[in-house]
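Novice: Return a 3D structure for these sequence lines:
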Amino acid sequence: MQAHPIFKWIWKSSCKHKHKVLWLLIKDRLSTRNILSRRHMPIPSRNCVLCSLQCEETMDHLFMECSFARNCWSLLDLTIIS
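Specialist: The predicted structure follows:
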């Protein structure tokens, strides 16, 4: 499978590491608790540590459903439609 040129550009860019989170997010490579658990990493819980909802920390939860994330998006005056 051929990657889109934008992915190669993002990965090879000289941007700070925190900006590469977008690439990891798009490629489903962001190390959320559910992915770490699937890789048999020893973690105490699969629940999100940023909110009190006791939900599994997935990428969808972490960036769209989590109350902490929603507050961050609202501070930036962005509305996330899930």
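Novice: Skipping adjacent residues, who's closest to Trp73 in space?
Specialist: Of all residues not flanking Trp73 in the chain, Ile80 sits nearest, at 5.1 Å (CB to CB, 6 or more residues apart in numbering). C-beta here means a position set from N, CA and C on the backbone, and glycine is covered the same way.
Novice: got the contact list for the residue positioned nearest the centre of the chain?
Specialist: The centroid of the chain falls nearest to Met59 when counting by CA atoms, centre = their mean (4.5 Å). Neighbouring residues of Met59 by CB atoms under 8 Å, 6 or more residues apart in numbering: 25, 28, 30, 32.
Novice: And these, which is closest to Arg39?
Specialist: For those, the minimum distance to Arg39 (CB to CB) is 11.0 Å, reached by Thr32.
Novice: Report the contact partners of Cys66.
Specialist: Contacts of Cys66 (CB under 8 Å, 6+ apart): 48, 50-51, 53, 55.
Novice: got CSV for the contacts of Met59, with pLDDT, secondary structure and neighbour count too?
Specialist: Shown next, in CSV, are the contacts of Met59 (pLDDT from 0 to 100; DSSP: H, G, I helix; E, B strand; the rest coil; neighbours: other CB atoms under 10 Å):
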residue, pLDDT, secondary structure, neighbour count
Leu25, 79, helix, 14
Asp28, 79, coil, 9
Leu30, 84, coil, 16
Thr32, 89, coil, 20
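Novice: Wait, the residue nearest to Trp73 touches Asn71, no?
Specialist: No. Using CB atoms under 8 Å, Ile80 is not in contact with Asn71; the gap is 11.3 Å.
Novice: phi, psi of Arg70?
Specialist: Dihedral angles of Arg70 (phi, psi; degrees, to the nearest 10) stand at phi -60, psi -40.
Novice: Next one: it from Leu62, what distance?
Specialist: Distance of Arg70 to Leu62, computed by CB to CB, to the nearest Å: 11 Å.
Novice: In terms of neighbours, single out the busier of these two.
Specialist: It is Leu62, of Arg70 and Leu62, that has more neighbours when counted by other CB atoms under 10 Å, with 21 against 17.
Novice: so who does the nearest residue to the more buried one once chain neighbours are set aside touch?
Specialist: Using CB to CB, 6+ apart and skipping residues adjacent in sequence, the residue nearest Leu62 is Thr32, 5.9 Å away. Taking CB under 8 Å, 6+ apart as the criterion, Thr32 is in contact with 57-59, 62.
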